[in-house]
Every structure is written in structure tokens, then in C-alpha cells.
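[1] give me a 3D structure for the following:
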Amino acid sequence: MSLFGSLFTGVSALSAQSQSMGMISNNIANVNTVGYKRNVASFSDLVTQETRSTAYAPGGVRASTQTTINQQGILQQTSSSTDAAVSGEGFFVVKRGTTGTQETLYTRAGSFSEDARGFLRNTNGFYLYGWRLDDNGNLPPGNADVSTLEPVDVAFLNGITAPTSAAEVTLNLNANQTTGGTTPHFSRAITVYDSLGGPQQLYLEFTKTASNTWDMNVLDAPGGTSLIGGATSIDFDPTTGGVDTTGPFAAPLAYDATTGQLTVTTGGINWGNGSDPAQTIAVDISNVSQFAADYSVAFVDQNGAELGLRTGVSIDREGYVVASFSNGLTRNLYKLPVATFTNPNGLEGRSGNVYIQTQDSGDYNLREAGTSGAGLISPSSLESSNVDLADEFSRMIITQRAYSAGTKVITTSDQMLQELLQLR
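    Residues are numbered from 1 along each chain as shown. Take a look at the predicted model:
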């Protein structure tokens with residue numbers, strides 16, 4: 001029994017070492033695979049139970065796969081703005097397609113790029129999923145479930161406009177100006193943008209009515225319609241030369257004691273081109289001054305922008321998918337969740353360097369990057385495989401020697417059996 005048992009033990013050694021060599025060869029083959037996690041052979045003995053303590057029955061050995069999914073690979077910078085890597089715990093959520101019922105998969109391979117339809121997918125063909133943000137940049141409700149995720153589509157928004165909602169002027173009015181006359185004493189045009197992205201002109205007109213007192217009006221054209229219901233009186237402090245904010249002010253003038261800003265809010269504006277007439281613009285005049293000097297304008301600033309076409313897409317450190325436009329604006333389109341597991345080594349691998357959830361891994365948790373133990377997202381980076389070639393070659397030598405030793409056990413046992421059979 002012991003000789004035959006030794007043969008079987010030798011065979012089990014060959015089988016276990018063969019599996020170990022298979023893992024080593026697969027690790028070496030994937031040394032340059034983005035996000036690949038190496039596998040290591042874990043050996044355990046097989047004991048043959050024997051009731052008699054005076055006789056020994058050899059057992060065997062078996063090899064099982066020990067994963068290293070939780071071990072971080074080195075992050076390497078890339079030139080692609082849509083490449084991303086998870087620095088720390090967690091995985092990107094991907095699927096094989098964008099429509100229908102799709103199996104939810106998880107990956108560390110963040111080599112994403114835009115396909116012909118505008119979806120982001122990695123080099124293995126898996127589509128990236130994320131939370132689509134609303135107009136205010138908020139996440140969808142119930143965002144802890146994967147059903148709230150959508151395929152990241154960066155082509156649905158090819159252009160963007162931003163209507164002007166606020167403007168600020170810094171200028172000086174000449175305190176030596178005499179009163180009277182039928183025309184404004186000073187006027188200034190401000191370029192603003194309507195809801196369709198068209199540039200329009202607002203006109204600020206100032207007329208001195210008394211010492212340290214001026215009327216201000218906001219018009220849609222020179223000599224046109226007042227957008228604030230008529231001229232509004234403004235007083236200036238004779239000591240500081242600035243706007244006298246002691247008030248009180250009648251609408252549309254409003255003073256904010258916290259910010260120190262005096263604003264005048266225009267009403268509905270009909271530009272005559274089909275844009276939204278409900279557009280309102282708050283003009284900050286807190287920096288208007290009155291000194292005995294020439295009229296001068298330091299600066300005029302306003303928000304808003306004309307139509308801008310999409311010029312690029314990037315993923316930032318917080319996981320936002322950001323679209324950039326030719327008018328200088330940016331828009332957060334999606335936010336990428338980081339899926340974490342209690343035991344990431346319990347995930348089951350699939351072809352394409354992706355994993356599925358199993359009973360051993362525990363249920364997924366969708367978290368925002370950098371919160372509740374989830375890793376940060378490193379933009380324009382890729383995670384290298386965690387394969388160490390020096391370690392693999394060392395283990396290859398050990399495996400080879402162990403395999404050779406196993407063959408020696410088999411040949412020696414065979415020789416002993418031949419000698420046994422030759423007994424007469």
C-alpha cells in the first residue's frame with residue numbers, strides 16, 4: 001500500500017506543481033496588462049486516514065488559487081484625459097453593453113476612451129457606468145444601488161450656452177459735472193448673453209440731478225426701454241466718494257449688508273430673437289464712485305458665454321466626468337462611483353480583467369471617491385499589474401525543482417515495485 005500510495009503522492013505533486021506553473025506563466029504573460037492582479041498557488045496537504053498507528057499511508061498535496069486583488073499596482077501617468085486609476089480600495093463599475101439587462105462587472109482597468117457613439121469604454125470593450133448629474137450637479141436619489149447608474153455618454157451635450165445673470169461695473173463719475181440737459185451725462189454699454197447664447201448690449205446711463213446725487217437707468221438700447229422701470233436715484237458719500245449705502249433703497253435697488261454690494265436687478269428682457277424673455281440680470285454698482293476727475297471705467301465684468309462646442313472630456317480626482325467647451329465653460333456630466341467590497345479577494349474573475357460579485361466577496365457598496373474607505377481616483381493614470389517578475393522567476397525555479405522531485409518519487413517507487421515483482 002505504501003508503494004502504491006507513494007506513486008499517487010508523486011502524481012499529486014506533479015498536478016499541484018503544474019497548476020502552480022500555470023499561475024506563474026499567466027502572471028508573466030499579463031505583466032503589462034493594465035490593472036491585472038497576480039495569482040499565487042497555495043498548497044495544502046491531503047492526509048489519508050489510517051486506523052493503525054504502526055503503518056503509515058502517504059497522502060498527497062493539492063494547489064488552490066490565492067488571489068491578490070487587494071494589492072495595489074503602481075500608478076503610471078498617461079497622456080489621455082479619460083484614463084483613470086483607483087488609488088486605494090475600490091473598483092470602477094462597468095458592463096458589456098449600454099442597453100438591456102447587463103451583468104454588473106467591476107474592474108481596475110481604467111483605460112477608457114470615447115467610442116463612435118460617445119460612450120466611454122475601456123480597451124477590453126467594457127462600458128463605464130456612473131451617476132448622471134442633474135442641472136444643479138446633484139446625484140440621483142437612491143444612489144446606493146447600481147440601478148441608478150447609467151452608461152457614461154459624453155456625446156449627448158455637444159454645445160453649451162450660459163445666459164448672463166450678473167454683471168459688475170467699476171467706474172468713476174465726474175463730480176464736477178453740472179446738472180441739466182436732455183441727454184445722459186455718461187453712458188456705458190455692457191455685453192451680455194441671452195438664453196440662446198447670443199451677445200446683446202445693455203446700456204447704463206447716469207445723469208447728475210443734484211450735488212452728490214445721480215439718476216441711473218438700465219436700457220435695452222440707447223434711448224430705448226428702461227429695464228428697471230425708470231431712472232433710479234443714487235446718492236454718493238461726499239467724504240469717501242463711494243455710493244452712500246445708508247439707504248433705504250427702493251426696488252429694484254437692493255443693498256446687501258453682508259457683502260456690501262448694491263445691486264440693481266433688471267426685469268424681463270425681450271431681445272427679439274426668440275430667447276427667453278424671463279432673463280434677469282443683477283448689476284453690481286457697489287464700486288461706482290464720484291470724484292472730481294474725468295469719467296473713467298476701470299472694468300466691466302459679467303458672467304455668461306456664447307455657444308461653445310465640446311472640445312474635450314476628462315475625469316478629475318473626485319470622479320467627475322467633465323466636458324470642456326470652446327467658450328471656456330466646463331460642465332460636470334457624471335460622477336463615477338467607487339465600488340468597494342468587504343473581501344475583494346473573494347471576487348470571481350472574468351475574461352477582460354473584470355470581476356463579478358460572489359458570496360465570498362460580500363455585497364458591493366457604491367461610494368463617492370475618497371469617502372467611507374473608498375479610494376481616490378487618479379486622473380490621467382493607469383494602474384500597472386502587481387506582478388513582480390523577479391518573484392515570479394524565483395517561484396518558477398522552486399516549482400521546477402519541486403516538479404522534478406515529484407518525478408523522482410514516481411521513478412523511485414516504480415523501481416521498488418519492479419524489485420518487488422522480481423522476488424521469487
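[2] going forward, measure contacts between C-alpha atoms and count neighbours the same way
    Will do.
[3] Leu421: neighbour count?
    Leu421 has 9 neighbours, counted by other C-alpha atoms under 10 Å.
[4] for the stretch 251-400 of the chain, just list every one of the strands.
    Ranges of strands in the stretch 251-400 of the chain, per DSSP state E, counting those that start in this stretch, are 253-256, 261-265, 282-284, 289-291, 296-302, 305-315, 320-325, 330-335, 338-340, 348-350, 354-356, 365-367, 376-379, 381-383.
[5] now the stretch 1-150 of the chain
    Remark: strands assigned in the stretch 1-150 of the chain by DSSP E, counting those that start in this stretch are 39-46, 60-67, 75-77, 84-87, 92-95, 105-107, 112-114, 120-122, 127-132, 149-151.
[6] need the strands of the stretch 251-400 of the chain in CSV with mean neighbour count and mean pLDDT, can you?
    Listed next are those as CSV, based on neighbours: other C-alpha atoms under 10 Å; pLDDT from 0 to 100:
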stretch, mean neighbour count, mean pLDDT
strand 253-256, 17, 89
strand 261-265, 21, 90
strand 282-284, 21, 94
strand 289-291, 21, 95
strand 296-302, 13, 93
strand 305-315, 20, 90
strand 320-325, 22, 93
strand 330-335, 22, 92
strand 338-340, 24, 96
strand 348-350, 15, 93
strand 354-356, 21, 96
strand 365-367, 20, 95
strand 376-379, 24, 95
strand 381-383, 25, 96
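[7] how close does Tyr36 sit to Tyr129?
    Tyr36 sits 20 Å away from Tyr129, going by C-alpha to C-alpha, to the nearest Å.
[8] ok, Asn303 next?
    33 Å.
[9] neighbour count for those two, which is higher?
    Shown here are Asn303 and Tyr129; by other C-alpha under 10 Å, Tyr129 has more neighbours (26 against 15).
[10] disregarding residues adjacent in the polypeptide, which is nearest to that one?
    Distances taken as C-alpha to C-alpha, 6 or more residues apart in numbering place Pro151 nearest to Tyr129, at 4.3 Å, with adjacent residues excluded.
[11] what of Thr209?
    Computed as C-alpha to C-alpha, 6+ apart, the closest residue to Thr209 that is not its neighbour in sequence is Thr179, at 5.5 Å.
[12] helix, strand, or coil at that neighbour?
    For Thr179, the secondary-structure state derived from DSSP: H, G, I helix; E, B strand; the rest coil is coil.
[13] didn't it look like it was pressed against Ala210?
    Yes. Contact between Thr179 and Ala210 holds when scored by C-alpha atoms under 8 Å: they sit 6.5 Å apart.
[14] and the pLDDT for the residue nearest to Tyr129?
    Per-residue confidence at Pro151 stands at 96 (pLDDT).
[15] any idea how far Gly308 is from it?
    Per C-alpha to C-alpha, Pro151 is found 24 Å from Gly308.
[16] for Gly406, same thing?
    71 Å.
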